[in-house]
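Student: Predicted model follows, preceded by the sequence.
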Amino acid sequence: MTTLIDVLDTAVKIGLGALISAVAAYWHFKQRDKAESAKEYEKRHRSLLEQVAEQAEQLNHVYLKYWALVIEWVRYEKSSKDWPSDRRDELEEIRIELFSSFGALTSAESKLLLIGENEAYSKLRELGEAVVQFRRTCYVDKKSLTEEEIEQQKAEIKNLREGLYELLSSTYQTNFT
């Protein structure tokens with residue numbers, strides 16, 4: 001015969017089992033949500049780093065086109081030849097393109113600040129400032145301009161670019177492997 005105590009005992013055991021199962025399920029789902037959120041954050045962080053690298057490379061690409069035309073002008077000047085006017089027109093287009101590419105650079109800087117990559121932000125700013133300095137000091141019709149001066153500034157920009165990519169690569173690999 002079943003007594004009230006047996007019924008209560010069974011009810012308590014079933015209730016405790018259900019409570020333990022509910023707590024375990026809640027904890028499991030909470031952990032899974034945290035892991036999924038972390039994974040999504042890492043994916044977004046990585047995507048932003050890739051975008052920053054692309055935007056920095058856009059600036060570099062335009063800067064190299066500008067560099068090539070300026071160095072060409074210096075060589076023409078050195079050989080006392082007239083630089084073709086169509087090349088001067090091309091240079092003007094590239095100057096405008098260089099100016100426009102700084103919009104992408106500003107966007108890249110804001111992304112780095114957004115994700116807390118302050119050191120990479122500083123490196124990117126340094127790179128941008130070096131390109132601006134190059135543009136201010138190395139230009140067509142500057143009679144005192146030499147290939148050595150241009151190459152020295154180009155080497156500095158190259159080192160800054162490599163430093164930026166080294167930092168981005170380190171962050172990219174360290175945080176997500």
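Tutor: Received it, and whenever you're ready, just let me know what you need.
Student: For residue 11, give its distance to residue 21.
Tutor: Counting by C-beta to C-beta, to the nearest Å, the separation of residue 11 from residue 21 is 16 Å. No exception for glycine: its C-beta is placed from N, CA and C like everyone else's.
Student: I meant to write residue 82 there.
Tutor: According to C-beta to C-beta, residue 82 stands 87 Å off from residue 21.
Student: out of these two, which sits in the busier spot?
Tutor: Between residue 82 and residue 21, counting by other C-beta atoms under 10 Å, residue 21 is the more crowded of the two (10 against 7).
Student: Next secondary structure after the one helix or strand the more buried one maps to?
Tutor: Secondary structure from DSSP states H and E places residue 21 in helix 4-78. Next in sequence after helix 4-78, counting helices and strands by DSSP H and E, comes helix 85-114.
Student: Packing partners of that following helix?
Tutor: Packing partners of helix 85-114 (3 or more C-beta pairs under 8 Å, 6 or more residues apart in numbering; DSSP states H and E): helix 4-78, helix 118-137.
Student: quick one: contacts for residue 94?
Tutor: By C-beta atoms under 8 Å, 6 or more residues apart in numbering, the contact set of residue 94 is 62, 65-66, 69.
Student: typed the wrong thing, it's residue 133
Tutor: residue 153.
Student: if I look at it, how far off is residue 72?
Tutor: To residue 72, residue 133 is 21 Å away according to C-beta to C-beta.
Student: just residue 10 next, same as before
Tutor: From residue 10 to residue 72 the distance is 93 Å (C-beta to C-beta).
Student: Give me the more crowded residue out of these two.
Tutor: Under the criterion of other C-beta under 10 Å, the comparison of residue 10 against residue 72 puts residue 72 first, with 15 against 11.
Student: Pick out the residue closest to the middle of the protein.
Tutor: The residue lying closest to the centre of the chain (C-alpha atoms, centre = their mean) is residue 52, at 2.3 Å.
Student: Isn't that one up against residue 110?
Tutor: No. Counting by C-beta atoms under 8 Å, residue 52 stays clear of residue 110, with 9.7 Å between them.
Student: re the thing from before, need the pLDDT of the residue nearest to the centre of the chain.
Tutor: Per-residue confidence at residue 52 stands at 95 (pLDDT).
Student: That one: what's it in contact with?
Tutor: 108, 111-112, 120, 124, 168.
Student: Would you list the buried entries among those residues?
Tutor: 108, 111-112, 120, 124, 168 (16 or more other C-beta atoms under 10 Å).
Student: Let's have those in a markdown table, adding distance to residue 57.
Tutor: What follows is these, written out as a markdown table (distance: C-beta to C-beta, whole Å):
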| residue | distance to residue 57 |
| --- | --- |
| 108 | 10 |
| 111 | 14 |
| 112 | 15 |
| 120 | 14 |
| 124 | 12 |
| 168 | 11 |
